[in-house]
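**Student:** Got a predicted structure plus its sequence, pasted below:
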Amino acid sequence: MTIQPLHSSMLIFTTVREIRLWLDRHAGGRVVGFVPTMGALHEGHLSLIEASKRECGLTVCSIFVNPAQFNDPRDLALYPRTYEADLALLADSSTDLLFFPSVEEIYPHDFVSVEADLGGLDQVMEGLHRPGHFDGVVRVVHRLLDIIRPHKLFMGQKDFQQFTIIGRMIEQLKMPVRLVVCPIAREPGGLAMSSRNRRLSKPVRDQANLIFQILQYGKSKRPVLSPGQTMDACLEKLRQAGFDPEYFEIVDPETLQKIKQWPESGRLCVACTAVWLEGVRLIDNEFY
Ligand code: AMP
């Protein structure tokens, strides 16, 4: 079904068949940019859409809360769903097409999941703490790419391990799409924007800004402390600041393996962290 919203020229599709037909007929020679999301949109998502609009002739956004990537059913149930507000934001951002499929549309009963060798990238950090999460992410992104067939895929640096794994999948399966990674959009206080931030109470939002400050503190310790000492010091600071940290790791940006020594100057590493606050799981990262 295709619905024409009153307030914009954005087209909304809920079925694979119809969005595919439309793209085949009307995309023409235009470069197609694709921004997959799980909705509850914020400025971080909109920055990806803006990047796509700058680089591409046609911008497609999808909203699909992917059950396959939630290892915790409570997290899936509590995931914010704000479809009406999302529609208004997308229409204002001049997104061309919105794909808003059902679970059955993405995973029909005869669906066969892709197999990709992720070379251990999924065995650390988020992968360790959220078993099966990246299987679900790879499954849905591969499926969406197969449906939309974009020239460019826009993802956020906010989910560092996610875009690294999707980059690996694209390379391994030789998929004809270019991954474009966009910087982390932050609240004025430094908190990385996230759909999950809506679940934080107002007083705790200030506290959440400390995640970014602690990432900056860690950065300032290079090279006075070793990477291991920096990780320990940041974990301790997170605990003192009232968080329940799952991990704080300084890793090689390509292998995602923890570094033992700071790389020679000119080569970057990245600090990645996941913490709990008020029952909400927050992630962030920063290049060091
Ligand atoms: P999500 O809806 O959380 O699955 O995110 C959809 C896309 O938006 C992913 O590529 C995320 O990395 C990206 N994204 C989420 N938050 C931000 C942010 N604060 N800044 C930039 N990109 C983001």
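**Tutor:** Happy to help now that I have it. Numbers count the residues shown, from 1 in each chain.
**Student:** list the contacts for the spatially closest residue to Leu144 that is not a sequence neighbour?
**Tutor:** Of all residues not flanking Leu144 in the chain, Pro36 sits nearest, at 5.3 Å (Cβ to Cβ, 6 or more residues apart in numbering). (C-beta placed from N, C-alpha, C; glycine too.) Residues in contact with Pro36 (Cβ atoms under 8 Å, 6 or more residues apart in numbering) are 61-62, 64, 140-141, 144, 153, 155.
**Student:** Mind checking which of those residues land in helices?
**Tutor:** Among those, the members found in helices (DSSP state H) are 140-141, 144.
**Student:** Now the buried members of those residues.
**Tutor:** With neighbours counted by 16 or more other Cβ atoms under 10 Å, the ones in helices among the contacts of Pro36 contain buried members at 140-141, 144.
**Student:** what's the spacing between the residue lying closest to Val204 once chain neighbours are set aside and Phe212?
**Tutor:** Among residues not flanking Val204 along the chain, Glu278 sits closest, at 5.3 Å (Cβ to Cβ, 6+ apart). Distance of Glu278 to Phe212, given as Cβ to Cβ, to the nearest Å: 17 Å.
**Student:** Report the secondary structure state of Ser265.
**Tutor:** coil (DSSP: H, G, I helix; E, B strand; the rest coil).
**Student:** Strands of this protein, residue ranges please.
**Tutor:** Applying DSSP state E to the chain gives strands spanning 2-3, 11-13, 32-37, 58-63, 97-99, 152-156, 178-182, 244-251, 270-277, 280-287.
**Student:** Tell me which of those strands lies nearest to the ligand.
**Tutor:** Among those, the nearest to the ligand by Cβ to the nearest ligand atom is strand 152-156 (2.3 Å).
**Student:** quick one, that closest one and strand 58-63 angle?
**Tutor:** Per axes from the mean of the first three to the mean of the last three Cα atoms, to 10 degrees, the angle that strand 152-156 makes with strand 58-63 is 50 degrees.
**Student:** what comes into contact with strand 152-156?
**Tutor:** Here strand 152-156 has contacts from 31-36, 44, 47-49, 51-52, 55-56, 141, 145, 162-163, 166, 170, 177-185, using Cβ under 8 Å, 6+ apart.
**Student:** With stretch 197-213 instead?
**Tutor:** Identification of contacts with stretch 197-213 by Cβ under 8 Å, 6+ apart yields 40, 42, 78, 80, 186-187, 189-192, 238, 241-243, 273, 275, 277-280, 282, 284, 286.
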